[in-house]
Structures are given as C-alpha cells and as structure tokens.
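Novice: build me a structure from this.
(chains A and B, ligands or ions: 2)
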Amino acid sequence: MDALSETGVTLRRAGADDAVAGVVPRWVALPETTADVAALMRACAAHDLAVVPTGEGTKLNWGNPPERCDLLVDTRRLALEGGAFVEHSPGDLVVRVSAGLAVNALASFPGFRQELALDNPLPAGTVGGTLATAVAGPRRFRYGTARDLLIGVTVVLADGTTARSGGRVVKNVAGYDLGKLFCGSYGTLGVITEAVFRLHPAPRERRWITVETPASPASERPATGEGDALPDTAASPSGLASPSGLAAPDAFTALDALAAEFAASQAEPSAVEVDWPGPGGGPTVAALVEGTAAEERARAVLALADGHGDARIGEAAPAWWNTLPGDDVLLEARVPPAGTGDAIRAVAVRGLSARVRGSAASGVLRVTLPHDVGHEAFAAFVSSMRDDLGRLGGGLTVLAAPYELARGVDRWGPVSALPLMRRVKERFDPDRRMSPGRFVGGI
Amino acid sequence: MSAKTLEEPVRRFQEFLGHGCVVTDPVRLRTYECDGLTHHRATPGVVVLPETAEQVAAVVRICAEHGVPFVARGAGTGLSGGALPRTDGVLIVTSKMRRIISIDLANRRAVVEPGVTNLAITEAVRDQGYYYAPDPSSQQVCSIGGNVAENSGGAHCLKYGFTVNHVRALEIVTPDGDIVELSENDPGYDLLGAFVGSEGTLGVTTKVTVRLTRAPQAVTTLLAAFDGTERGGRAVSAIIGGGILPAAIEMMDALAIEAAEAAVSCAYPEGAGAVLIVELDGPAPEVAHQFGEVTRICAENGAFELRTAAGAAERAAIWKGRKSAFAAVGRISPAYIVQDGVVPRTALPGVLADIDRLSREHGIRVANVFHAGDGNLHPLVLFDDGEPGAAERAELVSGRILDLCVEHGGSITGEHGVGVDKSRYMTKMFSDDDLDTMQLVRCAFDPLGLSNPGKVFPTPRLCGEVPGVRKGAHPLVESGQAEQF
Ligand SMILES: Cc1cc2nc3c(=O)[nH]c(=O)nc-3n(C[C@H](O)[C@H](O)[C@H](O)COP(=O)(O)OP(=O)(O)OC[C@H]3O[C@@H](n4cnc5c(N)ncnc54)[C@H](O)[C@@H]3O)c2cc1C
Ligand SMILES: Cc1cc2nc3c(=O)[nH]c(=O)nc-3n(C[C@H](O)[C@H](O)[C@H](O)COP(=O)(O)OP(=O)(O)OC[C@H]3O[C@@H](n4cnc5c(N)ncnc54)[C@H](O)[C@@H]3O)c2cc1C
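Specialist: Numbers count the residues shown, from 1 in each chain, chains lettered A, B, ... in the order given. Ligands and ions are numbered 1, 2, ... in the order given. Predicted coordinates for the structure are as follows:
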C-alpha cells in the first residue's frame, strides 16, 4: 500500500462491494489523470500487484473471475489534460473524452445537431467500460460498433507505458490501430484512459416500425432431448435453410423473411431488432428509420410487413428496445443474419424459460435464462447450443453467469486465433497482472 | 543474404508449387521491382505465384525455417512502396488467387480470394442490387488483399467508411505459416481490426469475407463552381454543419482543373477557381431533401454555377475530371509527387493557404485535389525533373505539407499507407512509446520479423528487447550484424 500511496493518487481499502466477479480486491484507486494511471501501474509493476480497471462497475460480472486482483482502478474521476472530461470539435464532428465519462453524456451536444452513434443503454456505463466490453446496441447495423466509431485512443499498459494510436481525424492509416485491439479486451491489455470518437449528424426524426408476429407451435414444443434440437443443415447450399425437422414455415422462418426484407429495404432502416419473449410467445420484429423523411420511409418499411402480423408505426421505441433481456444469466449468440430465426428456434426447442433479444439484421442476439436454471441444464444448454450455432456458422459466449452456475463451462467457446491472442497478451502483459484469467482461453 | 541462401528455399517452393509458379528468371523478376511508387526499386530474390492458401502457408513456413523475409503483393498499385520487394527475399504475388468463392446475399456477404479486384466484387452483385462500398480510384485493378493491407478508402468513405468497416472475416497465413481465421464474430481480441491496415507486416491474407451493401434508392451528383477554394471550403463546412452526410464531397483547385481540362476535356465551368463535387445517395425522399439544402448552401457560399447530373452518363461526366486528376497533371508538368495527408476539416482553409505560401516560397506549383469531406488532401507537387534542384525542392515542399498535417492534429496518410515512403515521418506523429507499443503487436504476430520487414516502422527493435531501453537504431542493426524489420 505504501508504494501505491507514494503515487499521490487517492486510495481506499476495498470492501465486499468492490468485488470483481466475486473476487474482492485489496485497494481501490481513483486516478484523475492519465499520468496518475501510469504512476499506479508502475507501482503495481514494481510490486507484482494485479490490476482490474473499472468504470461504473455494471459489467464487472462479465467474463471469468480474475485469478487475482489487488487493485481496482476506478476510472470515473479521470479527466483529460487540463481537467475537462469532454473536448468537442463540432466543425470536425469529433469528440475527445475521458474513458471514465458516462457514455450517455455523448448522446447529444447542446447547440449542435450531433451525436455519438452508439446506443445509450440505461443504466449508463462509462466510455472505457463500453469499449472494453465491445457491447453495441441496435444501430450497429448502420453505424457499426464502438470500434467503428473510435478514431483514437490513449492507453496505459501494465508496465506504465502510455501509448496513443489513431488521432483526431477520421481518415488515418498511419500505424497499427491499437484502438481496435483494446475494443473488447475486457481490461486484459491495459487501461484505456482517453478516447476520440467520430460523431454523426443527429437525426431529425425517428420512427419505429413494430410487427408482432404470431407464436407458432414450434415455440411451444417442449425439449425432446439434445439430438433433434436442430437437424444438420450443412447439406443445404447456404447451410442456413430452415430445418426440416420442424413444421415449416414457422414463426422463426417468417421472422427471418421479414427481417431480411426490412434489412434490404432502400428506405434504409438503421436497425432491425427482434424480441422473443419466451416459450409460447411470438417474436416481435422492430425496425428504426431515422433522419429526413422518416415517416414516409417508415411507411415504405411498414408495407413490407403485410401479412406478417400486427404492424404499426410509432414515434417511440418499443419498451424493450436497446435493453439487454436479462442480467444474471446472459449469453450472446452470433450467427449470420439469415440464421437469426434458426438461432432463436434452437433456444426455443430446448424448452427452458428463455428470452432472446437483439439485432436480426446483424445476427447478434442476447439470450437470458432463469438464474435457477441449474448447473447441469446450463452446461448442457451451452454445449448443445454451440453445436447448433456452429452449424449455422455462428457461436455462443456466456457474458454473465454466477460462478456456481458456470463452473467448468468455457464462457467464450472455441476461437481459431486463440494462440495469436495469447501471444498478444504475453507481449502486452508478460507478468499477467492485467485482469488475469478473465478472458478467452483464460487470458 | 546471398542468392545461395535462397537456393534451398527455391527448390522447396518448386516442390510445393510446381516450377510454373516460381519465378527466378531475372527479366521476369524485374517486372516486380516496384509498386505504384516507382522511384523505390528492388529486384526480388524470387517470386512465387501460389494458387491456394495451403501453398501460401507452405511458402511462409519455408521462409520461417530459413529466416528468409517475404513480402506479399497484390496488383502493385500501392503508392507508398509497401510492396517493394527484398532482394534477399521472397515476393508472394496473389495474382493467381482470383476466385470469388461464394456470394451470399441473404447474409449480405461474399467470400473472395485476395487477388480478386475490388471492382470485380461489385460487378458480381450489381445486378442483384448490391455493391461493395469501399471504392479506391484504383478499383479496377487493385486487389482486395491490397485493400485489406492498406485499409483503403475511396471517394465514398466519408459516408460508408473504409475497408476495415466492410471486412467481416479474414483467413490469414501467420508469419509462422499457420492458417488462421480472424472473424468479427469470434470472441477475444479484435485481431481482425488490428490486421486490417497493417500493410502486410502481420502475415498474408488468403481469404476475405466482405460485407455487401444494398444499392441506394437514389443518387444525385452535383457540381458547384466557386471562384476559389476558400468559398468552396466554406460550403463544405456548411453542408456538414447542416447535418448532411453526403456520400462524397470532393474538391479541385484551379491548377487541378486546368490539368483535368487538358487531359480529358471535362468541360468544368469556365473561370472556376475551385469545383466541388457533392454526391448524395440514400432513400429517395432523403436525397431529394438534401439536394435542396446543398444547392441552397452552395449558392449562399458563392457558387456561380451549379450542375446536376440527370443520369449515369452525366454523373460519369462530372466525375471524369476528378478521377483523371492524378494522371492529368502529367499534362501540365513533366514530373510530380502525389502526396496524401489529412487535416481536421476545420483546418482546411488555413492549411491550403499555407500550402500556397510554401508553393510560392519554393517556386514549386502544387495542384490540390482532395476528399474535402474528411480533410484528406492529395496535393500534387509539380516539378521539372530536367531542372537541377527541382526534385529536391519538390520533395521539400511535399514533406513540409506533411508537417503541416501533423501540426494541425492530422495524419501523415489518409489512404496510401506508410510503406517505405513515410516510415521516417512516423516519429513526427507518434512518440517512441506509441511506436514501441505498436511493435508489441508486430512481435506477437511476427517475432522473427520476416513479414514485409522495413515497412511502416522507422527504427525497429528486436523482439524481446526491453521496451524503453532503445534510443535510436538498435546497435546490432546499426553495425550491420543483425537483420531487422
Ligand atoms: C444495447 C445495450 C443495452 C444495454 N443495457 C444494459 C442494461 O440494461 N443494464 C446494464 O447494466 N447494462 C447494459 N448494457 C451494458 C453496459 O452499458 C456496458 O457494458 C457498460 O458500458 C459497461 O460500463 P461500465 O462502466 O459499467 O464498465 P465496468 O462494468 O466497470 O467494466 C466492464 C469491463 O470493462 C473493463 N473496463 C472498464 N473500464 C475500462 C478501462 N478504462 N480500460 C480498460 N478496461 C476497462 C473492466 O475491467 C470490465 O472487464 C447495455 C449495453 C448495450 C449495448
Ligand atoms: C491511380 C491510383 C489511384 C489510387 N486511388 C486510391 C484511393 O482512392 N484510395 C486508396 O485508398 N488507395 C488508392 N490507391 C492506392 C492503392 O491502389 C491501394 O493502396 C490498394 O489497396 C493497393 O492494392 P494492390 O493490390 O495494388 O496492393 P499492392 O500495391 O500490391 O500492395 C500494397 C500493400 O499491401 C500488401 N499486400 C498486398 N496483398 C496482400 C496480401 N494478400 N496479404 C498481405 N498483404 C498484402 C503489400 O505487401 C503492400 O504492403 C491508388 C493507387 C493508384 C495507382
């Protein structure tokens, strides 16, 4: 603790509330500048202390528990040089921010019709936490994810080195893009202290087209064992055809057809989302049209929904829009977009009381299971879903799950590039002091 | 490294690839001695023309075993010397890897081999109402593998982004010779994002999964003539400030227009000191609305003539002058340097004025063509190579322009890459710590430093050396005792 105090950075002893996925750190530091972070990291390097960076702490339960954790680096007091948290260049549509800032602060800029085109969920996490977990909301379909909007980054590595990549201009191909590497790195490579984002014109208007499609018998079918969950579709040309083992077309096939029409519409929706409430319910598909002539374009999208169910246009988002379907037990399925219906069906046929929500246009779905699902059922769900999704060309990760439930389960699943990722980790953090063990393959 | 050192690798390449795919004839080797930056030349030790990823992997593995450096090459249109070969190494050319492996419109993606040209992808899906969005001006010839290496952009990247925003997965051969997939859907580090734009220094791309984009419902192209770049620049700021994100905003100054007229008779408005090309695309009602706004903004900022393309032919006519600009300056100058730098859009007027001052100070003409929407300048520095000292002055002006970009918080390259050409400018943009940190990525992928050595980074460090200790060139490298990248 002495070595840490000598840095002059505000410190306190950690309590049970500071636990990272169940592991209680020894101290919490509250650095105010990038230089503070560098000083802390140097002190930790000298005394072999393990570090976990944190923002609002809303997602500290995501990922594996750290192997060890001495110091929590709380970024919420971090400011840019000069003390500001935000430096907005309206004429360049660029903003430079401290990583500790709440993402919601970038939703609008008073006096300017500009926004950071990242969806802003509630409760808000920090910029750093959002980058480090690489979560993205509905509009990823149009704008991509944080990595596509990030144009510059400042990071502090495990040994205290401060490095910058990118810059303040959108178009820039000088050097490696470290920002991309730090996106989704779960605090295992270093601490992000500053970020520069490109902004977009804020849309004048928004309309949501919502279609409640009827439930189909398939979604009510109880699980009948693992084998027949999803027939092998590898023989079909795209590998994605609707499985023949179930009555087709069912609600999930219809959902794919509708989502595909929405996504391909020249009215250019920014997002096409799906929400499946669980066994017995029909999927709801919703599209967002934003910008000029939103109403007229929304009507063009609505016309595509003819015969698909109860469809309407609204000026407000459906209540579930841009929210995660659950907290405690949360998984993420990724499939080629046309496999969205098949992926939800794969969840449905397992008969668990699940809920699925996410981007039908991008094929990124969050699945939640009841917290009392039980270890066996959970492990079986993960491994059999991985088989099914693998056949669709996709995969499954466990974002959050209590330790007991996920015991022995590989939260991340197989990754072709794992050996390369390990080598990256070894170069950036040879002593394994940055969030050790939290990431893929125990990185 | 002597030719003898290559003997054994060459024999093994022939074994794996067949004699037809291994070039050792000095005359044929010389056709590969440079890319689009023609004043850097080196004859490759040997050229291989693999047809499959497995063959690429075999070649790379042999290189790794023998410590032989290798350089990947696509179409050789790069403008920073990225594909400059090594006389002591292997040039891996992807020209025989040109298959479009699959097109999957339901998932808006295509899988292609690295030698496929950028335009071929669009041509394969255009009839179905799709296209591949990044559109470098060289798109008819440049390869997708080269685009990935350079993170290429095009006129339309203002709205649609760069190669990195349109690549969903890559199959690469690592510098160890392993075939690995990097996919946006895989959990773990975003190595896909780190690989794109790494200029061939992290391995060889053997397969690319690209995102296909739905063709817009409407496209409107508009040409506005101004008395000079200052007014044109103000119009650009007002358009962007007005919440409009055009697909493209391009500007040419008087000298660039003069060159284009001489070369392709594009018939731009007479007396124009600057022309602005604005392309709007998207849903028809949105484009119609934005067209009204842009027209108004241009007029308010002093446009003295406005033309709108009524169809594809007229659109092509408007673009013709812009697209010919690089080659066209050949008509008004015996020699020229194409520069590529970026400034924040708001700094454009000041930087253009500074370029003008530099030009007058050194007696070197500079024609300006630029992607005005994102502040990406392409100054064409004109000189007479017959005149003693002119080349040096042109080089000086060209370099000073990059300094201006850095001083204004911009970048030394927006799309042409660093290659060999600009590695010495990297230290102006980045600190030693920044560069050392980038080197960590390099060392993770390529600890032996065999993949396109000598590119991008100015003062290489041996992998495994303690960061921070090095100042200047590594002593072993300096004394010629060690080969470094
Ligand atoms: C569509 C959508 C809806 C969402 N809905 C909800 C919701 O309803 N409820 C909810 O709670 N969340 C929701 N989220 C997620 C949440 O907003 C983000 O995960 C959040 O931004 C995390 O921020 P945090 O500050 O709480 O991070 P933390 O929980 O503090 O940290 C998360 C991870 O990032 C690492 N990290 C944090 N800061 C840094 C840094 N500066 N450098 C390096 N690593 C760092 C941590 O070590 C940890 O591994 C949603 C996200 C999306 C996209
Ligand atoms: C007239 C003209 C106009 C241009 N306009 C633009 C423009 O608008 N925008 C733009 O961004 N660029 C432009 N360029 C530059 C150039 O066309 C691009 O950089 C292009 O991406 C290079 O592709 P290539 O196949 O020719 O690559 P090459 O020149 O062969 O190689 C370029 C780099 O890529 C690496 N590389 C090539 N293939 C592979 C592979 N399979 N695996 C790993 N590394 C590989 C090489 O090692 C080298 O470092 C232009 C060039 C010309 C001549």
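
Novice: what's near enough to touch the closest residue in space to A:Pro430 that isn't next to it in sequence?
Specialist: Distances taken as C-beta to C-beta, 6 or more residues apart in numbering or on different chains put A:Ala158 closest to A:Pro430, at 8.0 Å, once the chain neighbours are dropped. All C-beta spots, glycine's among them, are computed from the backbone N, C-alpha and C. Going by C-beta atoms under 8 Å, 6 or more residues apart in numbering or on different chains, A:Ala158 touches A:Met41, A:Cys44, A:Ala45, A:Val51, A:Gly190, A:Phe428, A:Asp429, A:Pro430, A:Asp431, A:Arg433, A:Met434.

Novice: out of these, which are buried?
Specialist: A:Met41, A:Cys44, A:Ala45, A:Val51, A:Gly190, A:Phe428, A:Asp429, A:Arg433, A:Met434 (16 or more other C-beta atoms under 10 Å in any protein chain shown).

Novice: list the contacts of the first one.
Specialist: Contact analysis of A:Met41 by C-beta under 8 Å, 6+ apart lists A:Val51, A:Val156, A:Leu157, A:Ala158, A:Asp159, A:Gly160, A:Val191.

Novice: how about the residues of the stretch 1-150 of chain B near ligand 2?
Specialist: Residues of the stretch 1-150 of chain B lying near ligand 2 by C-beta under 6 Å from any ligand atom: B:35-36, B:71-79, B:82-83, B:94, B:114, B:136-138, B:142-143, B:145-147, B:149-150.

Novice: that older thread, restricted to strands, list the contacts of A:Met41.
Specialist: Mapping the contacts of A:Met41 onto strands (DSSP state E) picks out A:Val51, A:Val156, A:Leu157, A:Val191.

Novice: show me where the stretch 101-250 of chain B has helices.
Specialist: Using DSSP state H, counting those that start in this stretch, the helices of the stretch 101-250 of chain B run over B:118-125, B:144-150, B:157-160, B:191-195, B:229-241.

Novice: the longest one - what's its average pLDDT?
Specialist: Model confidence over helix B:229-241 averages 93 on the pLDDT scale.

Novice: CA atoms only for that helix, dumped as PDB, please.
Specialist: Extracted C-alpha coordinates of helix B:229-241, given in PDB (Å, rounded to 0.1, in the frame of the first residue of the first chain):
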ATOM      1  CA  THR B 229     -11.100  27.100 -52.600                       C
ATOM      2  CA  GLU B 230     -11.900  29.400 -49.700                       C
ATOM      3  CA  ARG B 231     -15.500  29.800 -50.700                       C
ATOM      4  CA  GLY B 232     -15.700  26.100 -51.700                       C
ATOM      5  CA  GLY B 233     -14.300  25.200 -48.300                       C
ATOM      6  CA  ARG B 234     -16.900  27.300 -46.600                       C
ATOM      7  CA  ALA B 235     -19.600  25.500 -48.500                       C
ATOM      8  CA  VAL B 236     -18.200  22.100 -47.300                       C
ATOM      9  CA  SER B 237     -18.300  23.200 -43.700                       C
ATOM     10  CA  ALA B 238     -21.800  24.500 -44.000                       C
ATOM     11  CA  ILE B 239     -23.000  21.200 -45.600                       C
ATOM     12  CA  ILE B 240     -21.500  19.100 -42.900                       C
ATOM     13  CA  GLY B 241     -22.500  21.600 -40.200                       C
END
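
Novice: give me the subset of the buried ones among the contacts of A:Ala158 lying in helices.
Specialist: A:Met41, A:Cys44, A:Ala45, A:Phe428 (DSSP state H).

Novice: in those, find the pair that's most separated.
Specialist: Maximum pairwise distance in these, criterion C-beta to C-beta, is 14.5 Å, between A:Cys44 and A:Phe428.

Novice: residues near A:Gly339, how many?
Specialist: A:Gly339: 29 surrounding residues under other C-beta atoms under 10 Å in any protein chain shown.

Novice: what about the residue lying closest to it once chain neighbours are set aside, distance to A:Val440?
Specialist: Counting by C-beta to C-beta, 6+ apart, A:Gly339 lies nearest to A:Leu392, which is 4.0 Å off, once chain neighbours are set aside. Using C-beta to C-beta, to the nearest Å, we find A:Leu392 at a distance of 21 Å from A:Val440.

Novice: what ranges do the strands span in the stretch 1-150 of chain A?
Specialist: Listed in chain order, the strands of the stretch 1-150 of chain A (DSSP state E, counting those that start in this stretch) span A:10-13, A:27-30, A:51-54, A:71-74, A:86-89, A:94-98, A:114-115, A:150-157.

Novice: now stretch B:229-244: buried residues?
Specialist: By neighbour count on 16+ other C-beta under 10 Å, the buried set for stretch B:229-244 is B:229-241, B:243-244.

Novice: between the residues you listed, which is nearest ligand 2?
Specialist: Nearest to ligand 2 among those is B:Val236, at 18.5 Å by C-beta to the nearest ligand atom.

Novice: quick check: closest non-adjacent residue to that closest one.
Specialist: Spatial nearest neighbour of B:Val236, chain neighbours left out: B:Ala372 (4.6 Å); criterion: C-beta to C-beta, 6+ apart.

Novice: right, and the one you found touches B:Leu348 too?
Specialist: Yes. Using C-beta atoms under 8 Å, B:Ala372 is in contact with B:Leu348, at 6.9 Å.

Novice: looking at the two, which is more packed in?
Specialist: B:Ala372 (29 against 24).

Novice: how near is the residue of the stretch 51-200 of chain B found nearest ligand 1 to ligand 2?
Specialist: Nearest residue of the stretch 51-200 of chain B to ligand 1: B:Tyr189, at 12.8 Å (C-beta to the nearest ligand atom). According to C-beta to the nearest ligand atom, to the nearest Å, B:Tyr189 and ligand 2 sit 19 Å apart.

Novice: that older thread, the residues of the stretch 1-150 of chain B next to ligand 2: which ones sit near chain A?
Specialist: When contact is defined as C-beta under 8 Å from any C-beta of the partner chain, those meet chain A at B:Glu150.

Novice: what's the average pLDDT for stretch B:311-325?
Specialist: 91.

Novice: does any bit of that stretch sit next to ligand 2?
Specialist: No. On the criterion C-beta under 6 Å from any ligand atom, stretch B:311-325 is out of touch with ligand 2, staying 8.8 Å away.

Novice: mind listing residues that contact that stretch?
Specialist: B:137, B:155, B:219, B:221-223, B:250, B:252, B:256-257, B:259-261, B:263-264, B:266-268, B:275, B:277, B:279, B:307, B:309, B:328, B:367, B:369, B:378, B:380.

Novice: pull the distance from that stretch to the chain's centre.
Specialist: 22 Å (C-alpha atoms, centre = their mean, to the nearest Å).

Novice: how about it: buried residues?
Specialist: B:Arg315, B:Ala317, B:Ile318, B:Trp319, B:Lys320, B:Gly321, B:Arg322, B:Lys323, B:Ser324, B:Ala325.

Novice: and what of stretch A:341-350?
Specialist: Of the residues in stretch A:341-350, A:Gly341, A:Asp342, A:Ala343, A:Ile344, A:Arg345, A:Ala346, A:Val347, A:Ala348, A:Val349, A:Arg350 count as buried by neighbour count, 16+ other C-beta under 10 Å.
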